[in-house]
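> Structure for the following, please:
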Amino acid sequence: MDQTVNKHIERGPEANEIFDARSLDNDYAKLKSLLKPGMHVLDVGCGTGAISKGIAKQVGPQGHVTGIDNTESFISSGKLIYADVENLDLIHTDLFEFETEQKFDLIVAARTIQWLSNPVEALVKMKSMLKPGGWLSILDYNHTAIEWQPEPPQSMQLFYAAFLKWRSDAGMNNQVAEDAADYFEQIGMRNIEVLDNTENYNKGRDTFKSKLGVWLKVAASTQMVDEGYITNQERLKAIEDYSNWIETDAEQMVMKLKETRGQA
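Purely as a prediction, here's the structure:
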């Protein structure tokens, strides 16, 4: 049985684009301080494997990375894109269904725990697959603390409020970045450390429009309309107004992101 929450706003081609654009250097850079040649690493919720590929390069040919994700299209895409990465395996499976005799030196989950209704159970499962003294690293957002300068159009603010309620009603923690350290303590992790990875996107950067545009990709889904959290007219209005705002008034977006790490 799939015990993870069965809701995820990032589906279809838009989601693949989001995952493919990520990299270890740009989107999980501080993890490098844990990576050593020869490590065996499990990447939970790996998407298409873009960050997994970077980890595989860091651990080298004597190391190995296994990436798992419960969305088949992500794994299928990643297997094609990264077929030449010999020390990387991508597997379509849910965390709670994944069984292996192997114990890992490091288990990572980037922007994954935020989508689960049972984060502590997920962390317990991950810890069970660590070697004694192995590391667990979780990278995730505090969605309640996003900052835009200036404020985006009212229609997007309405959409974003609906997004947070949709997540909360499904059991997802909108402030998981703030609570992850407490979760780690609950499951008995040691040497817990929290590292700030806040993302600042300022006008003038090459990626500015694409990064702010992530919310256009979220709004492209009709899932919240289908489930009664917003009308389709409101959704389309948010897309139109926010698109114009990005092109004209937008100056900055700040997304609060933290890495929590600890040892088994």
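
> Check residue 13 and give its pLDDT.
For residue 13, the model assigns a pLDDT of 48.

> Tell me the predicted confidence for the residue nearest the centre of the chain.
The structure's the chain has its C-alpha centroid closest to residue 111; by C-alpha atoms, centre = their mean the separation is 1.8 Å. pLDDT, residue 111: 95.

> what's the distance between it and residue 259?
Here residue 111 is placed at a distance of 11 Å from residue 259 (C-beta to C-beta, to the nearest Å). All C-beta atoms are positioned from the backbone trio N, CA, C, and that covers glycine.

> Residues that sit against both of the two, list them.
residue 139 (C-beta atoms under 8 Å, 6 or more residues apart in numbering).

> Tell me which residues touch residue 257, please.
So residue 257 contacts 139, 140, 141, 142, 177, 196, 197, 198, 199 (C-beta under 8 Å, 6+ apart).

> Mark which of those residues are part of strands, please.
Under the assignment DSSP state E, the contacts of residue 257 contribute 139, 140, 141, 196, 199 to strands.

> Just the buried subset of those, please.
Buried residues within these, defined by neighbour count using 16 or more other C-beta atoms under 10 Å: 139, 140, 141.

> how about these in a markdown table, adding distance to residue 100 and pLDDT?
Shown next, in a markdown table, are these (distance: C-beta to C-beta, whole Å; pLDDT from 0 to 100):
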| residue | distance to residue 100 | pLDDT |
| --- | --- | --- |
| 139 | 22 | 97 |
| 140 | 24 | 97 |
| 141 | 28 | 97 |
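
> So which residues of the stretch 151-264 of the chain form helices?
154-169, 176-186, 208-212, 214-219, 223-226, 232-247 (DSSP state H, counting those that start in this stretch).

> Among those helices, which comes closest to residue 64?
helix 176-186 (25.0 Å; C-beta to C-beta).

> Residue 100: which of the helices of the stretch 151-264 of the chain is closest?
helix 176-186 (22.1 Å).

> Relative to the whole chain's centre, how far out is that closest one?
Helix 176-186 has its C-alpha centroid displaced from the chain centroid by 16 Å (C-alpha atoms, centre = their mean, to the nearest Å).

> do stretch 220-235 as well
Relative to its parent chain, stretch 220-235 has a centroid offset of 22 Å by C-alpha atoms, centre = their mean.

> For it, give the mean pLDDT please.
For stretch 220-235, the mean pLDDT works out to 97.
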